[in-house]
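Engineer: Task: produce atomic coordinates for the following.
(chains A and B)
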Amino acid sequence: MPDPARDASTDLGPMILGFLDDTLTAEQLAELDAHLESDPAARDLMVHICTHASLINEKLADSLHVSEQDTGDREQAPTPTLRLRRSVWYAAAALIALAVTAWFVFDPGARSTPPSPTATRSVALLTNTAGAVFTDSSVPMDLGAELAPGLIQLQSGTAQIMFHRGAVVSLVAPCSFRILDDNRGRLDSGALEATVPPGAVGFSIDGPRGVRVVDLGTEFRMVVDARRRTEVYVVRGRVRLALADQPGAEHAAMELAARDAGVFDPSMSSRMIQPLEPGTFLRNWWRHTGADRIDAMKTDAALLDTNGDGIGDSTFVPRRGSVAVGEQNSGADRHPLRYYLPFDLTDEQRAVLASADRIELAITLNQVQNVDELTMRLIGLTDHEPVSALPTDYHAAGQTISDAAMTADTPVGPVFIDVTDFVRAQAQAGHGVAFRCELIGAPLPHVDSKINNFIVNTSSHADESCRPYLKLHWK
Amino acid sequence: MVMDQDTLVRALLRERAKLVSYIWSIVHEPNLADDVFQEVCLEAIHHIDQITDADHLLAWARRTARHRSLNALRQRDRQPQCLSQRTMDLLDRTWIDHDGVETDPTVAALHHCLDQLTPRSRRLVKLRYVDGLKGAAVASKLGQKLDAVYKALSRIHHQLIDCIGQHRRKLGEVDDA
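Structural biologist: This is a model prediction of the structure:
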């Protein structure tokens, strides 16, 4: 029997799509309603269509690259849409809103906080204060505080401000920032990241000596250093970087697209906006914000060679989600225990790694039990992209980076292994980074499978702080 | 036993795609669907003492989302087309049937199946669901009639449904029908 929801002559798909577009006539709407009421397959189709639409919009937008060749379309690729930017913004803002609301709901003291004297002129809200210490503030800078135009001096930590028009600005200490109105601010020194939803397009931030960043619907970062030099980098969307007091002058403005950077250096003899190498900005940003680590991927990263056949047994993961636990409790032979440390890198992380002066792999040794001899050999795996494909390709080309990254004498605690050359080369080649760790233990004294012959635990399921990571150093 | 706040927030974010698509089916506006989802999240925190587990949360959130969606529509000047109460109730049951389907494997399968589409189909999907153009705008951009766009999109959805089913059966994620 033909499925009425998809029979060509009675396919309800077009009608459902018209309904979701609000373009049906009253008669068509009544007809669709009747179909949906009487036909479970029609209801099923409607749920599928809505689910596809939502998943594509929220999770698969980046996978829908359509090349010019494919479509014969030569028009310029559109800037990220309002819808997408809003979605991205909401992902962050939802958590902010939840945190702020939870604070009001669950902290009785919060409700008794006296109204800020700024409340009548409030143009922004303090929405997050991770370790933030403020100086010279004339009003209480508590989470949820209403903020009027004025100066914010952040001595340490980070603070997040949501302007009433919707722009969200994250300040990183040390930072001096001034709120000008509900869609405008000024960064005198320090670093910030701005996420601007559609309703706040036109949001602007001034810098020293007349430079101004005007959002054209975007997410951007901005650094003003001690020499009053202003650098701007666009994460997504577009911004206009301009000298506000020199409209129309040559080299006085530049429009930046995603992953572009620009700079204004007031110490130069001629006042001009110049392009900046994005890698230079990212390096400066990471240094300025104190970011210096990239965590290993977590999911399914532990692979043990439990039967000594040289193949990692992905079905035996002692604690799913752990990244590195080596344990041998049966068999008389000596086998290496192996696991992976994969790092799936973003373009930004690659750019920063490529410019780092030194890179170390940090692994935390938590527990060593019944071990007389132990060597951890670290092998950098090459030709892997993406690194998440590793479990199906265990035997891989690689190079030994360290043949004794850990020994039986290594004290419990963090172990740092220099991986600079390998990681930098992988990053410069546009690859992810993956290591194979081989824990080579002593001959096993027990055959009884109930006895742990040796345990080497370089991770903790419960303690996220033990997660392996790449530590970056700059001169 | 009630859920703690951290668990509740994580559960809400995990089920975000299901709830947003449900809300969108009522309000027909992605941005408004986001707004309603946030309101549902906030209301869940307010009523955390009434929510016992993740299953209960999803059922509760769907009821609340429907109520909030209809409220949001009433506050707007423009009313989208609405189905009858009876049909909405029946649709709710279908949504509940789909709640058991895990999102991550579906996303992976959908990703695979989008790759199988022709470039023209992929462009159509992108214009409608990524760029957020309404059917009429898509038709105008492509120089087609609105009806042709709906038919093409409908055909794509059917292809995706078939492909996702086959892909997941092949991976052993669902039983052969």
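Engineer: only C-alpha atoms for contact and neighbour calcs from this point on.
Structural biologist: Fine.
Engineer: how about the spatially most central residue of chain B, secondary structure?
Structural biologist: Centroid-nearest residue in chain B, with CA atoms, centre = their mean: B:Ser21, separated by 1.7 Å. Secondary structure state of B:Ser21, per DSSP: H, G, I helix; E, B strand; the rest coil, is helix.
Engineer: from memory it sits against A:Thr51, does it?
Structural biologist: Yes. The pair B:Ser21 and A:Thr51 qualifies as a contact (CA atoms under 8 Å) at a distance of 5.4 Å.
Engineer: Report the helix or strand with the lowest average pLDDT across chain B.
Structural biologist: helix B:5-14 (a mean of 75; mean pLDDT, DSSP states H and E).
Engineer: what comes into contact with the lengthiest helix in chain B?
Structural biologist: Across chain B, the longest stretch assigned as helix under DSSP state H is helix B:146-170. Contacting residues not belonging to helix B:146-170 are listed as A:6, A:13-15, A:17-18, A:48-49, A:52, B:105-106, B:109-110, B:113-114, B:117, B:121, B:124-125, B:135-136, B:138-139, B:174-176 [CA atoms under 8 Å, 6 or more residues apart in numbering or on different chains].
Engineer: where exactly do the helices run in the chain?
Structural biologist: Chain wasn't specified; assuming chain A. A:13-21, A:26-38, A:40-59, A:68-71, A:82-106, A:108-112, A:278-289, A:347-355, A:420-428.
Engineer: You answered for a different chain; I wanted chain B.
Structural biologist: B:5-14, B:16-27, B:30-46, B:54-74, B:85-99, B:103-116, B:119-125, B:135-142, B:146-170.
Engineer: Tell me where the chain is predicted with low confidence.
Structural biologist: Since no chain was named, I'll use chain A. A:1-10, A:61-63, A:65-120, A:136-139, A:245-250, A:298-338, A:367-372, A:386, A:388-397, A:441-466 (pLDDT under 70).
Engineer: oops, I was thinking of chain B
Structural biologist: Checking chain B against pLDDT under 70 turns up B:1-2, B:6, B:75-79, B:173-177.
Engineer: Domain parsing of it, as residue ranges.
Structural biologist: B:5-99, B:103-170 (automatic domain parsing).
Engineer: Make TSV from those domains and add distance to A:Thr25 to it.
Structural biologist: Shown next, in TSV, are the domains of chain B (distance: least, CA to CA, whole Å):
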stretch	distance to A:Thr25
domain B:5-99	9
domain B:103-170	13
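Engineer: and of those domains, who's closest to A:Ala351?
Structural biologist: domain B:103-170 (27.4 Å; CA to CA).
Engineer: Which residues does stretch A:164-172 contact?
Structural biologist: Stretch A:164-172 has contacts (CA under 8 Å, 6+ apart) with A:123-125, A:154, A:156-163, A:182-183, A:190-197, A:199-200, A:203, A:289.
Engineer: Oops, could you answer that again for stretch B:68-75 instead?
Structural biologist: Residues from elsewhere that reach stretch B:68-75, judged by CA under 8 Å, 6+ apart: B:Ile23, B:Ile26, B:Val27, B:Ala33, B:Val36, B:Glu39, B:Val40, B:Gln79, B:Pro80.
Engineer: out of the residues you listed, who's near chain A?
Structural biologist: B:Pro80 (CA under 8 Å from any CA of the partner chain).
Engineer: What separation is there between the nearest residue to A:Ser122 once chain neighbours are set aside and A:Met162?
Structural biologist: Take A:Ser122 and drop its neighbours on the chain: the residue closest to it by CA to CA, 6 or more residues apart in numbering or on different chains is A:Ala148, 4.4 Å away. From A:Ala148 across to A:Met162, the span is 12 Å (CA to CA, to the nearest Å).
Engineer: which neighbours do these two share?
Structural biologist: The contact lists of A:Ala148 and A:Met162 share A:Ala124, where a contact means CA under 8 Å, 6+ apart.
Engineer: Compare the two (neighbour count), which wins?
Structural biologist: Neighbour totals were compared for A:Ala148 and A:Met162, and A:Met162 leads with 26 against 22 (other CA atoms under 10 Å in any protein chain shown).
Engineer: which residues sit in contact with that one?
Structural biologist: A:Ala124, A:Leu125, A:Leu126, A:Thr127, A:Val168, A:Val169.
Engineer: Skipping adjacent residues, who's closest to it in space?
Structural biologist: Using CA to CA, 6+ apart, the nearest residue to A:Met162 is A:Val168, at 4.4 Å.
Engineer: who's the one you found bridged to?
Structural biologist: Here A:Val168 sits in beta bridges with A:Met162, A:Thr195, going by DSSP bridges.
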